[in-house]
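A.B. asks: Build me a structure from this.
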Amino acid sequence: MKRIISIILAVAFVGCASIDLKPQTEITELQKSAVSTVGFLIAKNNPDYVPKFKSWHEKWNTITEFNMQQIEYQVGIQKLAEIISKDPFLQMQMKNAMSMLDVTFEGPQVPGDIDRYKQVIDYFMIGVSAQKAD
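C.D. replies: Alright, predicted model coming up:
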């Protein structure tokens with residue numbers, strides 16, 4: 001009996017040791033596609049806001065202090081929420097993309113989150129930039 005328990009514990013220990021407990025910072029191709037599609041749809045339905053998105057994105061990319069990055073992210077999300085507030089489809093797409101990406105409206109909580117949020121924002125902006133003005 002002790003031998004069986006030892007084997008089970010050994011297997012469990014080896015299995016747990018192989019689990020990567022570090023947060024995933026790279027977003028997948030599917031996630032990139034989802035967030036860029038949301039950016040495209042929002043820009044398509046709100047072309048007047050594209051310059052504001054681009055200006056905000058440039059500002060966010062220049063900030064290096066974590067607390068300021070959090071604040072500026074929340075400013076951007078608030079503006080985005082106002083833009084999509086009357087469009088249930090865009091609201092749904094945004095919520096789906098954010099849950100798929102494991103990001104929140106509150107923004108990065110620790111400095112280690114910044115890389116993931118930066119990728120999400122960059123791919124969102126790829127979608128925004130892909131929408132050509134009519």
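
A.B. asks: Mind pulling up the pLDDT for the residue positioned nearest the centre of the chain?
C.D. replies: Of all residues in the chain, the one closest to the mean position by CA atoms, centre = their mean is residue 120, 3.9 Å from it. On pLDDT, residue 120 comes in at 92.

A.B. asks: what sits against it?
C.D. replies: Applying CB atoms under 8 Å, 6 or more residues apart in numbering, we find residue 120 in contact with 27, 31, 35, 101, 103. (C-beta placed from N, C-alpha, C; glycine too.)

A.B. asks: Pick the one among these closest to residue 90.
C.D. replies: Residue 90 has its nearest neighbour among the contacts of residue 120 in residue 35, at 13.0 Å by CB to CB.

A.B. asks: quick one on the thing from earlier: tell me which element the residue nearest to the centre of the chain is part of?
C.D. replies: Element membership for residue 120, per DSSP states H and E: helix 114-130.

A.B. asks: Centre of the chain to that helix, how far?
C.D. replies: Relative to its chain's centre, helix 114-130 lies at 8 Å (CA atoms, centre = their mean, to the nearest Å).

A.B. asks: what do you get for stretch 126-134?
C.D. replies: 19 Å.
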